[in-house]
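Enquirer: dropping the sequence and predicted coords here.
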Amino acid sequence: MTSVAQAVAEGLIGGRLWVYANYHCNLACTYCLTESAPRVPRRQLPIERLPEIAAEARAEGFTALGVTGGEPFLVGGLPGALAAMAADLPTLVLSNGTLFTRRLLADLAPLAGRDFAVQVSLDSADPAANDEMRGPSNFAKVIEAIPRLRGLGVRVRVATTTEGLEPEELARLCELHRSLDVPDEDHVVRPIVRRGRAVDHGLGVDAGLADLPAELTITADGSFWSPFGPTVHGGRLDTDLLITRTTRPLSIPAAAMVRIAGAAGPRSDPAGARIC
């Protein structure tokens, strides 16, 4: 049977294992995949489970970890869990960039210089355009957070989720992130996917299994084909990209993922993502 390491080497699946730390968030973005918001029901993986997943992922042959949500930094004890995860594999955590208080930054300080990065969302160089999609004062908080994280010695990536930027708009955004010490290779531009709240607003591109990155994703609800898979619409979890309800041991969903990916064949880059 094909191993995870072999499947990654052959391009059948991505090397990064994703974990949904939670589903709740302090924002309610217009295109949110999971309908995350401040008052959604609290569904999250136990914090002690995250380092366990990291250790299993390394043993299985995955090469990196990604942590997303919701807003992961609403989960108590997350910085310590991230440090434990980064001790096993390179770790990336996605954040809306609004919660980096002095206390949280102090908790993240031990991750400075590690193979660890925070990916913050920034959709436009124009504050009004950015905040229209993400929420009031989001732009200002992100612009403040990036230099604070860089000052700690933490690598920062910027993710832009968009229905399309004109060349001039993209150029302005790239000038902005460069001015904040985020290089081009750490700027990811990706399309809105028409799942979750984006459906209600008529936003984004339709994408199914063949269009989405084959990156095993672990959640409180099961294991999914892609981090774009465990989406929520109308308060109900989408299960079209569910791999298994079983998440532990990790070997069970990993083997199922490899079998499905083997039948689908080698993958291309995810859903039109590009780097400026």
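Expert: Yep, that arrived.
Enquirer: CA atoms for contacts and neighbours, from now on please.
Expert: Noted.
Enquirer: right, and Val120 touches Ser95 too?
Expert: Yes - between Val120 and Ser95 a contact is recorded at 5.0 Å, counting by C-alpha atoms under 8 Å.
Enquirer: who does Val232 bridge with?
Expert: Val232 forms beta bridges with Leu237, as assigned by DSSP bridges.
Enquirer: doesn't Tyr31 make contact with it?
Expert: No - under the criterion of C-alpha under 8 Å, Val232 is not in contact with Tyr31, lying 11.4 Å apart.
Enquirer: tell me which of those two has more neighbours.
Expert: Set side by side, Val232 and Tyr31 show more neighbours around Tyr31, with 24 against 19, by other C-alpha atoms under 10 Å.
Enquirer: count of residues packed around the nearest residue to that one once chain neighbours are set aside?
Expert: Excluding the flanking residues, the one nearest Tyr31 by C-alpha to C-alpha, 6 or more residues apart in numbering is Ala198, at 4.1 Å. By the criterion of other C-alpha under 10 Å, Ala198 has 21 neighbours.
Enquirer: on that earlier part again, what touches both of Val232 and Tyr31?
Expert: 196-197 (C-alpha atoms under 8 Å, 6 or more residues apart in numbering).
Enquirer: ranges for the helices of the stretch 1-150 of the chain?
Expert: 4-9, 49-60, 78-86, 102-108, 127-134, 138-152 (DSSP state H, counting those that start in this stretch).
Enquirer: which strands and helices sit next to the first one?
Expert: Just to be clear, that refers to helix 4-9. On a contact count with 3 or more C-alpha pairs under 8 Å, 6 or more residues apart in numbering; DSSP states H and E, helix 4-9 meets helix 251-264.
Enquirer: and the helix it packs on, which residues are buried?
Expert: Residues 251, 253-259, 261-262 are the ones in helix 251-264 that count as buried (16 or more other C-alpha atoms under 10 Å).
Enquirer: Arg197 contacts Thr34, correct?
Expert: Yes - look at Arg197 against Thr34 with C-alpha under 8 Å: they come within range, at 7.1 Å.
Enquirer: settle it for me: which of those two has more neighbours?
Expert: Neighbour tally, Arg197 and Thr34, criterion other C-alpha under 10 Å: the higher count belongs to Thr34, 28 against 24.
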